[in-house]
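**Student:** Whatever this is, show me its structure:
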Amino acid sequence: MERLSLEINLPGTHEEGKLYVVDSLNNLNKLNVCPDGSQHVLDEEEDTGGTGENMEGSNIRNQCLFFVTFILTLIVSLALVSFVIFLIIQTRNKMDQISSRLISEKKNIEELKKMNNMILKHLNQSGIKE
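**Tutor:** Take a look at the predicted model:
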């Protein structure tokens, strides 16, 4: 029996909890909207007729900040891309040097093999005649 009464009371308690949270958030919002020092800002807006001159200046400042950040990002990106291209070119040059060395060493090895074969033939011919 107690379980049934608890199950029945829980949904109502949950709804009350939601209402309490919403009320708390509303009260917090009211406190944040009009703190003690912000009354001067509201008075200034009323004096300017609520044209939003402060908002326009803030928007222009934000746009300038965005464009400066965007330009700096582009410059840094360009520098990084240039550095990567430089590294690719340097790597290609090193690979070309290494491949040319390998080709020259291969030619030297082939010449040494030919000389070795000639020496072996000469030694075989001279050894047979004796």
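**Student:** what about residue 123, how many residues close to it?
**Tutor:** Residue 123 has 10 neighbours, counted by other CB atoms under 10 Å. (Glycine included, C-beta is placed from N, CA and C.)
**Student:** err, residue 96, not the other one
**Tutor:** If you count neighbours by other CB under 10 Å, residue 96 ends up with 10.
**Student:** now it: how far from residue 90?
**Tutor:** Residue 96 sits 11 Å away from residue 90, going by CB to CB, to the nearest Å.
**Student:** Need phi/psi at residue 92.
**Tutor:** The phi/psi pair for residue 92 (degrees, to the nearest 10) reads phi -60, psi -40.
**Student:** Return the distance of it relative to residue 79.
**Tutor:** Distance of residue 92 to residue 79, computed by CB to CB: 21 Å.
**Student:** Over to residue 111?
**Tutor:** Distance, residue 111 to residue 79, by CB to CB: 49 Å.
**Student:** Point out where this protein drops to low pLDDT.
**Tutor:** Applying pLDDT under 70 to the chain picks out residues 1-19, 21-22, 29, 31-54, 128-130.
**Student:** rerun that using 50 as the cut-off
**Tutor:** Where the chain drops to pLDDT under 50, the residues are 1-10, 42, 45-46, 50, 130.
**Student:** Okay, helices next: where are they in it?
**Tutor:** 2-33, 39-47, 53-129 (DSSP state H).
**Student:** I appreciate the help and will end here.
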